[in-house]
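Undergrad: sharing a sequence plus its predicted fold:
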Amino acid sequence: IEQVNTIGDGHLDQAPVLTGNDEFGKLAAAISQMSHRLRQQRETIRHTDRLGTVGTLAAGVAHELGTPLNVVSGRAGLIAGGKLTAEEVQSSARTIKSESERMTAIIRQLLDFARQAPSPHETINLNEIVIRTNDLIRSLAGKSGVEIATDVPESPILIQGDAAQVQQVLTNLITNAIAAMPDGGT
């Protein structure tokens, strides 16, 4: 009974509390197997939800990558044209490097967000997650005529948690807010 209550409280994947071939031992093993399957199903549901959110973010990320790709292409074209001074070539190369690092960071954020395994709880800064989430979803909001306004305090807000899961919650909240504003707004 204590084990069933523990499972009911959300502590899944319990080992059998009794062993043996009698009815109680078999029941304990069945409860243990059930709790293991429940944990697996919960992780599958979380991953499916995360992938759905990744799909929503992908549209925003594609737009976010478009700007730096245009900058890289334009600067590379200038360099290839051979009409720049040595200083202008160096400046363009620095810009290309900076924009490619920006694109790598955007892609890394999306991949981190999509990973299946939950990361261990660690100290995270909510301000950074809010800013990062807004950066990823801002273009999606813009396409719907919605402006995302944030008021992030200067001092960090530190909590123990999983950054990807917090970002998923924020993404879901923001996309729901965008969907609830068909005429646009802030």
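TA: That came through, no problem. Numbering: from 1, shown residues only.
Undergrad: in which helix or strand does L12 reside?
TA: In this structure, L12 sits in neither a helix nor a strand according to DSSP states H and E.
Undergrad: isn't it up against Q41?
TA: No: judged on C-beta atoms under 8 Å, L12 makes no contact with Q41 at a distance of 9.3 Å. Yep, even glycine has a C-beta here, placed from its N, CA and C like the rest.
Undergrad: those two: who's more crowded?
TA: Taking neighbours as other C-beta atoms under 10 Å, L12 and Q41 compare with L12 leading, 18 against 11.
Undergrad: so I159 versus A149, what's the distance?
TA: 23 Å (C-beta to C-beta, to the nearest Å).
Undergrad: looking at the two, which is more packed in?
TA: Set I159 next to A149 and count neighbours by other C-beta under 10 Å: I159 wins out with 14 against 7.
Undergrad: in a helix, that one, correct?
TA: No: counting by DSSP: H, G, I helix; E, B strand; the rest coil, I159 is not part of a helix but strand.
Undergrad: show me the contacts for it.
TA: Shown in contact with I159 (C-beta atoms under 8 Å, 6 or more residues apart in numbering): 123-124, 126.
Undergrad: now for G185: which residues touch it?
TA: By C-beta under 8 Å, 6+ apart, the neighbours of G185 are 145-147.
Undergrad: quick check: phi and psi on V146?
TA: In terms of degrees, to the nearest 10, the main-chain angles of V146 are phi -110, psi 130.
Undergrad: residues contacting it?
TA: Applying C-beta under 8 Å, 6+ apart, the residues near V146 are 177-178, 181, 184-186.
Undergrad: one more: A15?
TA: The neighbours of A15, taking C-beta under 8 Å, 6+ apart as the test, are S32.
Undergrad: how near is I174 to I137?
TA: I174 is 5 Å from I137, by C-beta to C-beta.
Undergrad: one step back: what subset of the contacts of I159 is buried?
TA: Among these, the ones that count as buried by 16 or more other C-beta atoms under 10 Å are 124, 126.
Undergrad: for M103, state which of the contacts of I159 is nearest.
TA: M103 lies nearest to I124 out of these, by C-beta to C-beta, at 23.8 Å.
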